[in-house]
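> I would like the atomic coordinates for the input below:
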Amino acid sequence: MSNHYVYILASRRNGTLYVVATSDILRRVYEHKNDLVDGFTKKYSVHTLVYYEQGGDREGTILREKQIKEWKRRWKLELIEKTNPEWKDLYEQIS
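Coordinates of the predicted model:
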């Protein structure tokens, strides 16, 4: 069983948020940070890893991603603030 992650990127504190799941968080966040993939994060400069959680299997992680995406924005901000009140970039922490 491999580990999967749900993570949130932000453009800045209280800025644009992007929620997604992956099995390779280092590679995916690196790609976002360096605009290697066209799409939402490149268009809106969403590059700061402000939250992540490690899950177990792929299906459970995808369900968690969907759950968080359905939350009100305020709840997502509270989730970030609870574990990362200074909105630090957590990329170095995981690399």
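> quick one: buried residues of the longest helix seen in the chain?
In the chain, with assignment by DSSP state H, the single longest helix is helix 58-70. By neighbour count on 16 or more other C-beta atoms under 10 Å, the buried set for helix 58-70 is Thr61, Arg64, Glu65, Ile68. In this view, the C-beta of every residue, glycine as well, is placed from N, C-alpha and C.
> contacting residues for the third one?
With contacts defined as C-beta atoms under 8 Å, 6 or more residues apart in numbering, the neighbours of Glu65 are Val6, Val19, Val20, Ala21.
> out of those residues, flag the one nearest to Lys76.
Compare each of the contacts of Glu65 with Lys76 using C-beta to C-beta and the shortest gap goes to Val19, at 7.2 Å.
> which strands border whatever helix or strand that closest one lives in, and is each parallel or antiparallel?
Counting by DSSP states H and E, the element that carries Val19 is strand 17-22. Strand 17-22 pairs in its sheet with strand 4-10 (antiparallel), by DSSP bridges.
> any idea of the angle the partner strand forms with helix 58-70?
If you take axes from the mean of the first three to the mean of the last three C-alpha atoms, to 10 degrees, strand 4-10 sits at 20 degrees to helix 58-70.
> what mean pLDDT does strand 4-10 get?
Mean per-residue pLDDT for strand 4-10: 97.
> tell me how far that strand is from the chain's mean position?
Once both centres are worked out by C-alpha atoms, centre = their mean, to the nearest Å, strand 4-10 turns out to sit 2 Å from its chain's centre.
> how about stretch 20-33?
Distance of stretch 20-33 from the chain centroid (C-alpha atoms, centre = their mean) equals 8 Å.
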